[in-house]
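Visitor: Coordinates for the following, if possible.
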Amino acid sequence: MTKVKSLLPYLLAILCLAAGGYHLFETLSTFKLSDVTNEMVSTWEVHMKVVQAAIPSNVFVASYLENADIPNSNSKYDEAEFFLVQYGVAPVALKRGFGEEWIIGNFGNTVSLKTIKPWLDQKLGKYTIQDLGFGLYVIHDIKN
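Guide: Presented below is the predicted three-dimensional model:
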């Protein structure tokens, strides 16, 4: 019995190592290296390069519109999206709402241009709009 008691710590240590090794093996066998290019921020940066290219280089402030700005929209202001766009178009500073000559519209894929065009017609009058895909638009308020 004393021999078993003296071996008990070693047996427990071996049991813990075996369980840990089994867990590590199971984790590694199911682990898949994720594609870093599909990571949200990296993908967003690619989209923002297209937006940056559509805005003239002498523009340092642009307006920012999103789903929550559309009248009768049930959407809430998405602060995270705003900061991602701000990060992506730097050094251009963004201001929410209308007011600047250049406007970035971030409406996602759920809102069509057909839906927002009447609202923009009412708010801006004369403007041009570039559909950059992914629900991103660059709007030039010609009257501003």
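Visitor: could you give the mean pLDDT of stretch 94-107?
Guide: Averaged across stretch 94-107, the pLDDT comes to 95.
Visitor: tell me how far the ends of it are from each other?
Guide: 15 Å (CA to CA, to the nearest Å).
Visitor: For stretch 85-105, which residues meet the burial criterion?
Guide: 85-86, 88-89, 92, 94, 98, 100-105 (16 or more other CB atoms under 10 Å). For the C-beta atoms, the positions are set from N, CA and C on the backbone; glycine is no exception.
Visitor: Same question for stretch 124-144.
Guide: So stretch 124-144, judged by 16+ other CB under 10 Å, has buried residues 124, 127, 129, 132, 134-141.
Visitor: Looking at those residues, which are in helices?
Guide: Among the buried residues of stretch 124-144, the ones falling in helices (DSSP state H) are Leu124.
Visitor: Among the buried residues of stretch 124-144, which are located in strands?
Guide: Taking DSSP state E, the ones among the buried residues of stretch 124-144 that sit in strands are 127, 129, 132, 136-141.
Visitor: could you dump the residues you listed to CSV with distance to Pro9 and pLDDT?
Guide: Listed next are those as CSV, based on distance: CB to CB, whole Å; pLDDT from 0 to 100:
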residue, distance to Pro9, pLDDT
Tyr127, 77, 95
Ile129, 73, 95
Leu132, 65, 92
Leu136, 63, 93
Tyr137, 68, 95
Val138, 69, 96
Ile139, 72, 96
His140, 75, 97
Asp141, 76, 95
